[in-house]
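Asks: From the sequence below, what's the structure:
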Amino acid sequence: MNTDFFSLNATTLQGKEVSMDTYKDKVIIVVNTASKCGFTPQYEGLEELHRTYKDKGLVILGFPCNQFGNQEPGSEKDIAEGCLINYGVSFPMFSKVDVNGENAHPIFNYLKSELKGTFGNNVKWNFTKFVIDRNGKPVKRFAPITKPENMKELIEKLITK
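Replies: Okay, the predicted model is just below:
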């Protein structure tokens, strides 16, 4: 795969096409989300990371996904309202995507090829988190069970580089 993160695009929940190039010079967390998952409370931790580090160069990009246990069945509007009302999410949220299979979004295909999982490349469940440094290089993949606050040490290291 001859690509880099900044050459990819995604569509926001509001239908706007965004180039990942927009996030150059930022430390980025890409996460596949779901509103009806046991890990859904991680939105709170992700939002806290976002608020704590956004002015220091962190951006979190949320990608709703319905591939695991049908835990994101709603429309883009439902997802946007749920994220805001239930968790106060203010970081960018993108339209619903597949993260595995033949229709997987190119961003997730790229990240999976760069950061292998413990048991193969596929994303195992909702709230898998990929951390990308300021140069667009994927540096670490965190399992769904990893709480966002347990990522602080790496984030602090990357934002001070």
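Asks: CA atoms for contacts and neighbours, from now on please.
Replies: Noted.
Asks: Give the next helix or strand downstream of the helix or strand of the chain with the lowest mean pLDDT.
Replies: Ranked by mean pLDDT, DSSP states H and E, the weakest helix or strand in the chain is helix 76-87, scoring a mean of 80. Downstream of helix 76-87, the first helix or strand assigned by DSSP states H and E is helix 106-114.
Asks: Downstream of that next one, the next helix or strand is which one?
Replies: Sequence-wise, the next helix or strand downstream of helix 106-114 (DSSP H and E) is strand 129-132.
Asks: Return the list of helices and strands in contact with the next helix or strand after that following strand.
Replies: Next along the chain after strand 129-132, taking DSSP H and E as the criterion, comes strand 138-142. Judged by 3 or more Cα pairs under 8 Å, 6 or more residues apart in numbering; DSSP states H and E, strand 138-142 is in contact with strand 129-132.
Asks: Return the set of buried residues in the strand it packs on.
Replies: 129-132 (16 or more other Cα atoms under 10 Å).
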